[in-house]
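Engineer: give me coordinates for this.
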Amino acid sequence: MNRFFDMDSPIMRFLNRVADLVWLNILAIICCIPVVTAGASLTALHYVALRMTRNEEGYITKDFFKSFKENFAQATVIWLVILVLATGLGADFYIMAFSSVEMGPVIQVLVFAAAFLLLFGGIYVFPFQARFANTIRNTVKNAYITSVMNFPKTMLILIMYGVFLAAYSLFFLYLVPLILFCGLSLPVFLACTFYTSIFKKLEEQISQSV
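Structural biologist: Sure, this is the predicted structure:
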């Protein structure tokens, strides 16, 4: 029984990790509510989750707001650009699905291609913003290059996010507690296991080139 309550036991480490993810999710949701601050919130979420996957986490709240403050300006610009592009693409998909206006096959292909490009760069841009100090232009460029260079992992991350999103949409009423407790933090934490291995290789390449 004493072994069960040992803080270093697998069960207690698991419970501590769950508690950290729940609190991290609450912080991220609260800071996403104003919408305009969602970029900084997502960056801070990835910052803490990346530290957790590297076993470097300290104080969840302190680390979250440290990243939130330091990356607020750049993350907000990136987020607003993504939001505008996503809104425009969403309108295009709505027209294709429900409007009487017909789009030519070439335009439809271009819309789908633009959506995939936005997804490919979008899933890497906030982790890059969280992990590396850089200009907005270089952060976005590196996000796209990395997404292509690590295509298999990129697809796995997209599929994983798609599964979570589909589950949330189809079973929303049943999954409300899960969404509130770890709806953001859990998929991001899982994705960060991929980001960590990718970033480790990039950091090794950077250190060797210096």
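Engineer: contacts only, for Ser185.
Structural biologist: For Ser185, the contacting residues are 21-22, 24-25, 28, 45, 49, by Cβ atoms under 8 Å, 6 or more residues apart in numbering. C-beta: built from backbone N, CA, C; applies to glycine.
Engineer: look up how far Val140 lies from it.
Structural biologist: In this view, Ser185 and Val140 are 24 Å apart by Cβ to Cβ, to the nearest Å.
Engineer: quick one: contacts for Arg54?
Structural biologist: Residues near Arg54 by Cβ under 8 Å, 6+ apart: Thr196.
Engineer: quick one, phi/psi of it?
Structural biologist: phi -100, psi 10 (degrees, to the nearest 10).
Engineer: next one: it from Ser41, what distance?
Structural biologist: Applying Cβ to Cβ to Arg54 and Ser41 gives a distance of 21 Å.
Engineer: and for Tyr94?
Structural biologist: Taken as Cβ to Cβ, the span from Tyr94 to Ser41 is 27 Å.
Engineer: quick one, which of the two is more surrounded?
Structural biologist: With neighbours defined as other Cβ atoms under 10 Å, Tyr94 and Ser41 compare such that Ser41 has more, 27 against 10.
Engineer: not counting sequence-adjacent ones, nearest residue to the more buried one?
Structural biologist: Cys31 (3.7 Å; Cβ to Cβ, 6 or more residues apart in numbering).
Engineer: same deal with Phe172?
Structural biologist: Ile179 (7.7 Å).
Engineer: surely the one you found meets Ala167?
Structural biologist: No - here Ile179 lies out of contact with Ala167, judged by Cβ atoms under 8 Å, at a distance of 9.7 Å.
Engineer: mind listing what Ser67 touches?
Structural biologist: Counting by Cβ under 8 Å, 6+ apart, Ser67 has contacts 43-44, 47-48, 130.
Engineer: and it, which of the three is it?
Structural biologist: Here Ser67 is recorded as helix under DSSP: H, G, I helix; E, B strand; the rest coil.
Engineer: could you do Leu85 as well?
Structural biologist: helix.
Engineer: and it, how close does it get to Arg13?
Structural biologist: Counting by Cβ to Cβ, the gap from Leu85 to Arg13 is 40 Å.
Engineer: ok, now Asp63?
Structural biologist: For Asp63, the distance to Arg13 - Cβ to Cβ - is 19 Å.
Engineer: what of Lys66?
Structural biologist: Taken as Cβ to Cβ, the span from Lys66 to Arg13 is 24 Å.
Engineer: these two: who's more crowded?
Structural biologist: A direct count of neighbours by other Cβ under 10 Å for Lys66 and Arg13 places Lys66 higher, at 15 against 12.
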